[in-house]
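>>> got a structure for you, letters missing:
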């Protein structure tokens, strides 16, 4: 089975940098995804890590360490619209996603 | 930009009734999925579908659930006899399944069972 742990809530200031951590226990996975979900909306793709290391995509970066069972999502130059839940999830089996409970990020002025 | 669409956006039904939730995945995608999200809880995998058959399903996806791809474009989720606890947002997703496994989610159908 899989187990994913993320902080439930975080608050950060507009323009700042925030790091959202994710630790997991799993019997195996293909890759690790980060999705963003605004309240009442569908998840939208942010990043995907297969190998260890950092993947950068504009203001968002994601890091994976398989040996440590650890990932983080880094958001730079925070904007008010970044207030959302950030979902760490494992791609398993036939490419289905196992989601964590997510971290609700609130960006304040 | 192509997107996954779902209908209806909101469905209200009485307990024990059958419902069919409809999805149109992105046209050249090969893998299709259903997820659900009970209000305030995490997104949960229900079923994945590839090559016209179920490739994986979760323990939530019991005999009350079924999926079908009745034609070349639609992908449906049927719940035969709805229960109160089936009330949730149901998301359809699709992925190309070749070089990219990114899943594209539809806007969801909010199912309310009364």
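On my side now, so go ahead. Predicted model only: the values in this text are computed from it and were never measured.
>>> please count neighbours and contacts with C-alpha atoms only from this point.
Noted.
>>> OK, contacts around residue B:106?
Listed by Cα atoms under 8 Å, 6 or more residues apart in numbering or on different chains, the contact partners of residue B:106 are A:42, B:3, B:4, B:5, B:6, B:23, B:91, B:92, B:93.
>>> residues of chain A that sit close to chain B?
Proximity of chain A to chain B (Cα under 8 Å from any Cα of the partner chain) is limited to residues A:41-45, A:48, A:93-102.
>>> look up the closest residue to the residue of chain A at minimum distance from chain B, ignoring the ones flanking it.
The minimum distance from chain A to chain B, using Cα to the nearest Cα, falls at residue A:101 (4.7 Å). Counting by Cα to Cα, 6 or more residues apart in numbering or on different chains, residue A:101 lies nearest to residue B:42, which is 4.7 Å off, once chain neighbours are set aside.
>>> who touches that neighbour in this structure?
Residue B:42 makes contacts with A:99, A:100, A:101, A:102, as judged by Cα under 8 Å, 6+ apart.
>>> what's the one helix or strand in chain A whose mean pLDDT sits lowest packed up against?
Taking mean pLDDT, DSSP states H and E as the measure, chain A has strand A:96-99 as its least confident helix or strand, at a mean of 84. Other elements packing on strand A:96-99 under the criterion 3 or more Cα pairs under 8 Å, 6 or more residues apart in numbering or on different chains; DSSP states H and E are strand A:84-92, strand B:43-50.
>>> tell me how many other residues surround residue 50.
Went with chain A since none was named. Other residues lying near residue A:50 total 16 when counted by other Cα atoms under 10 Å in any protein chain shown.
>>> my question was about chain B
When neighbours are defined as other Cα under 10 Å, residue B:50 has 15 of them.
>>> what's opposite it in the beta bridge?
Beta-bridge partners for residue B:50, by DSSP bridges, are residue B:31, residue B:53.
>>> just for the chain, where's the confidence low?
The chain I'm using is chain A. A:93-95 (pLDDT under 70).
>>> sorry, I should have been clearer: chain B.
Where chain B drops to pLDDT under 70, the residues are B:98-100.
>>> which bits of it sit near chain A?
B:33, B:41-45, B:47-48, B:55-56, B:91, B:101-108.
>>> how close does residue A:91 get to residue A:59?
Distance from residue A:91 to residue A:59, counting by Cα to Cα, to the nearest Å: 23 Å.
>>> then residue B:6?
Taking Cα to Cα as the measure, residue B:6 and residue A:59 are separated by 30 Å.
>>> please apply the same query to residue B:43.
25 Å.
>>> and the residue nearest the centre of chain B, what element?
Centroid check for chain B by Cα atoms, centre = their mean gives residue B:34 as the closest residue, at 3.2 Å. Per DSSP states H and E, residue B:34 falls inside strand B:31-37.
>>> tilt between that strand and strand B:43-50?
Relative orientation of strand B:31-37 and strand B:43-50, computed by axes from the mean of the first three to the mean of the last three Cα atoms, to 10 degrees: 160 degrees.
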